[in-house]
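J.: predicted model and sequence below, questions to follow.
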Protein chains: 4
Amino acid sequence: MYHGNRHGRSAAAREAVLQAADDLVAEIGYANVTIEGIAARAGVAKQTIYRWWRSKTDVLVDAFVADSTQELTLPDTGAFRTDLRAHLDELVRFLEVSDSGAVFRALTGEAQHDLKLATRLRAEVLPRLRARDRVPFDRAAARGELSADADVDLLVEQVVGPIHFRVLVTGEPVTPALLDALVAQASLATSRSL
Amino acid sequence: MYHGNRHGRSAAAREAVLQAADDLVAEIGYANVTIEGIAARAGVAKQTIYRWWRSKTDVLVDAFVADSTQELTLPDTGAFRTDLRAHLDELVRFLEVSDSGAVFRALTGEAQHDLKLATRLRAEVLPRLRARDRVPFDRAAARGELSADADVDLLVEQVVGPIHFRVLVTGEPVTPALLDALVAQASLATSRSL
Amino acid sequence: MYHGNRHGRSAAAREAVLQAADDLVAEIGYANVTIEGIAARAGVAKQTIYRWWRSKTDVLVDAFVADSTQELTLPDTGAFRTDLRAHLDELVRFLEVSDSGAVFRALTGEAQHDLKLATRLRAEVLPRLRARDRVPFDRAAARGELSADADVDLLVEQVVGPIHFRVLVTGEPVTPALLDALVAQASLATSRSL
Amino acid sequence: MYHGNRHGRSAAAREAVLQAADDLVAEIGYANVTIEGIAARAGVAKQTIYRWWRSKTDVLVDAFVADSTQELTLPDTGAFRTDLRAHLDELVRFLEVSDSGAVFRALTGEAQHDLKLATRLRAEVLPRLRARDRVPFDRAAARGELSADADVDLLVEQVVGPIHFRVLVTGEPVTPALLDALVAQASLATSRSL
DNA sequence: AAATAATCGAGACGGTACGTCGAGTCTTAAT
DNA sequence: ATTAAGACTCGACGTACCGTCTCGATTATTT
């Protein structure tokens, strides 16, 4: 067994911590993750974690950002409705199924009673997600399917809001029926604004 | 056949606990509330809390339910759009401003990593809220403004989803512009179904 | 199952408590006996115990006294040395082996930091034991083997003191060698005082 | 090969705990001493106590041993009788009057229903006391006052046994009359063995 | 190459709160 | 009127993590 500074300077330790945090959330659930647990799992001293992060949520935000850096490019189907539907399917998969989505839900939950976390999420995570949600609408606008003065952010919220509501609040599964209705509603808005 | 002290829990203790829990959430925030703190504030032994509740969230669900028992009846304005708008104003006030709403947000947040809490919320709290959200739609249906085969629950989700999304996820204020858009969209849905 | 006052007045409850206390000491050891445990075992309400006894040690003193009421009469062998040796054998058996002796040791131990218990023991238990310890000496005096002005209590202490010392302090077994020495020493004292 | 914080326990914390334990026993009595109380008094975290000691008795044994490390050398009076008498006077003072003796009595009491404590006492405390009790006899042997084949440990027990009996069992004061009798008896034993 | 400084692991520290246990007091319904 | 049942307040238990703090070992940089 090896001791002392086994990570050269720090990069390796940093990655070990993020990886351990990710693993632990998946294995034992967000609520049961502790700084001590992450340190033990990562083979890192507690102090090393405290040197770089303020709290376990801070670690998890970094882990989440690191994971979601991998850009997934939405294939262009040539039409707004199909583009949007494909994106929403992907969004639902992320929120309901993926490990990454589990972390997102946990962090969003924790942010309800942690103002600092809420601020970080809104500064670093949400803009990225928002940008992705806008893609189908921006493409539609480029195609001229959408009037230039339409409030895309507002339209986005009307579409993704109900999905998040189901996932975060009611806990009911997001059904194809809901997605159909949302796509129909968005299409109506685009066509109406012509 | 009864025996022993069958009067069971002391009503005074129960109320003191719920009141203390409510007060503490308002004063120091959900994350800082502890069972010990509630017990001290309520002048009650910790054991008494543990006898009747599993956790602090369990206490707060009870407190929330007790508070929200007071039905607020939505005034009938005679038209769907105005009914709905009045209801949404009230909903936003609840979510963003009220103490009760702060508890709701905290509990919903905690439910993201506490399955038992999630189950309780979905069984005891959400149906009540859902029923309130349906009122404008049900009245519209009674007036014949809405086709009988419309999926009211779906319509409700499309309207309240974006509001919860702002409050819980983005943290942005719910603006009149959003409410206008939601009412317009809902009206469209009703008129279209004629 | 039966409830309420199932013991008529009280005598039965009293006996049930003493019996339960005795059993529990034998089964789980003095240190693990609790009032609640005695009450549960006896099928009696805690309050009933508190009505008659101050503490668990108080119960156990009563139980001990009740048990040791059965007088064991020391057979008269006709000579001091053999009388004394028989008595000491019996004393060692009591202290080292018997359940009753285990209770005696526990109570004596507890009395080191419980003044009330110490007082009760010295008033109710020790005189009885002392009386038994005197028997061989008193018989010797009656036979004229002992001078009338000998301090029997002092002689008794010199004989039983080392035995209690081994049992309570060093925990070493009381060996025949020790008993032989003690008997010899006592005999010397008696013969010298002629 | 060492690694990590191998300096182990903090000497300051250890001493603070032992001192606080000693003080508390003297002030409020053994039965009222709690781990929490010791921790608070010592300005130490409870966990620190639990890290190094199993129980309050374990702390007190350490405190007792630390206190009694200070060897008291018995002055040599030149004769067995006076040596022994001086030692017994000192022993009685220890058992009946000193704070240290109070701890000894409490620990001996507790050992009646705590096997682990009993074992520790017999391994670490009693041999030291026994050694002290032997001193007058060993000196007598060195002077030739005692036959070489005398069982000194047995003689010691016959002398100190009755003293412990009074202190621990009957609670009566150890009188000069008893000490006189014990010294006389021991002298007889020594002279007889010439 | 040797000395120096930064950073690592390990883990002890003072704390806070946890959830449990038993003490001793109280109230209620059954007998 | 006394009991069994059991809820109550209280205090301590022993545990889990928190965030801070040495400590000695291990590098990486500086001399």
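T.: That came in fine, so what should we check first?

J.: so where's chain A shaky on pLDDT?
T.: Judged by pLDDT under 70, chain A has its weakly predicted residues at A:1-9, A:71, A:192-194.

J.: tell me which residue is most central in chain A.
T.: A:Phe104 (5.1 Å; Cα atoms, centre = their mean).

J.: now the element after the helix or strand encompassing that residue, going C-ward?
T.: When secondary structure is defined by DSSP states H and E, A:Phe104 falls within helix A:99-111. Beyond helix A:99-111 in the direction of the C-terminus, DSSP H and E gives the next helix or strand as helix A:115-120.

J.: what's the local residue count around the closest residue to A:Thr108 other than its chain neighbours?
T.: Using Cβ to Cβ, 6 or more residues apart in numbering or on different chains and skipping residues adjacent in sequence, the residue nearest A:Thr108 is B:Val169, 6.0 Å away. Just so you know, the C-beta spots here come from the backbone N, C-alpha and C atoms, and that holds for glycine as well. For B:Val169, the tally of surrounding residues (other Cβ atoms under 10 Å in any protein chain shown) stands at 22.

J.: the helices in chain A, which residues?
T.: Secondary structure of chain A (DSSP state H): helices at A:11-28, A:35-42, A:46-52, A:56-67, A:80-96, A:99-111, A:115-120, A:126-143, A:152-164, A:176-192.

J.: hang on, the earlier thing: distance from the helix holding A:Phe104 to the middle of the chain?
T.: Using Cα atoms, centre = their mean, to the nearest Å, the mean C-alpha position of helix A:99-111 is found 8 Å from that of the whole chain.

J.: and the angle from it to helix A:56-67?
T.: Using axes from the mean of the first three to the mean of the last three Cα atoms, to 10 degrees, the interaxial angle of helix A:99-111 with respect to helix A:56-67 works out to 150 degrees.

J.: quick one: buried residues of helix A:99-111?
T.: When neighbours are counted by 16 or more other Cβ atoms under 10 Å in any protein chain shown, the buried residues of helix A:99-111 are found to be A:Ser100, A:Gly101, A:Ala102, A:Val103, A:Phe104, A:Arg105, A:Ala106, A:Leu107, A:Thr108, A:Gly109, A:Glu110, A:Ala111.

J.: how near is the first one to D:Pro136?
T.: Counting by Cβ to Cβ, to the nearest Å, the gap between A:Ser100 and D:Pro136 amounts to 82 Å.

J.: ok, the closest residue to A:Phe94 other than its chain neighbours - contacts?
T.: Leaving aside its sequence neighbours, A:Phe94 sits nearest to A:Gly101 (Cβ to Cβ, 6+ apart; 4.6 Å). Contacts for A:Gly101 (Cβ atoms under 8 Å, 6 or more residues apart in numbering or on different chains) come out as A:Arg93, A:Phe94, A:Leu95.

J.: put the buried members of the residues you listed into a PyMOL selection.
T.: Here is the PyMOL selection string for the buried members of the contacts of A:Gly101, based on 16+ other Cβ under 10 Å:
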select buried, chain A and resi 94+95
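
J.: now flag whichever of the contacts of A:Gly101 is closest to DNA strand E.
T.: When the contacts of A:Gly101 are compared for distance to DNA strand E (Cβ to the nearest atom of the strand), A:Leu95 wins out at 28.7 Å.

J.: tell me the contacts of the closest one?
T.: Residues in contact with A:Leu95, defined by Cβ under 8 Å, 6+ apart, are A:Gly101, A:Phe104, A:Arg105, A:Ile163, A:His164, A:Val167, A:Val174.

J.: and these as a markdown table, adding distance to B:Ser191?
T.: Putting these into a markdown table (distance: Cβ to Cβ, whole Å) gives the following:
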| residue | distance to B:Ser191 |
| --- | --- |
| A:Gly101 | 37 |
| A:Phe104 | 37 |
| A:Arg105 | 36 |
| A:Ile163 | 25 |
| A:His164 | 27 |
| A:Val167 | 30 |
| A:Val174 | 27 |
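
J.: show me which pair in those is furthest apart.
T.: Largest separation among these by Cβ to Cβ: A:Phe104 and A:Val174, giving 14.7 Å.

J.: excluding chain neighbours, what is closest to A:Leu18?
T.: Taking Cβ to Cβ, 6+ apart as the measure, A:Leu18 lies nearest to A:Ala63, with 4.4 Å between them; neighbours along the chain are not counted.

J.: what sits against that neighbour?
T.: Each residue near A:Ala63 by Cβ under 8 Å, 6+ apart is listed here: A:Leu18, A:Gln19, A:Ala21, A:Asp22, A:Val25, A:Val103.

J.: repeat the analysis, applying 7 Å as the threshold.
T.: Contacts here follow Cβ atoms under 7 Å, 6 or more residues apart in numbering or on different chains; on that basis A:Ala63 touches A:Leu18, A:Ala21, A:Asp22.
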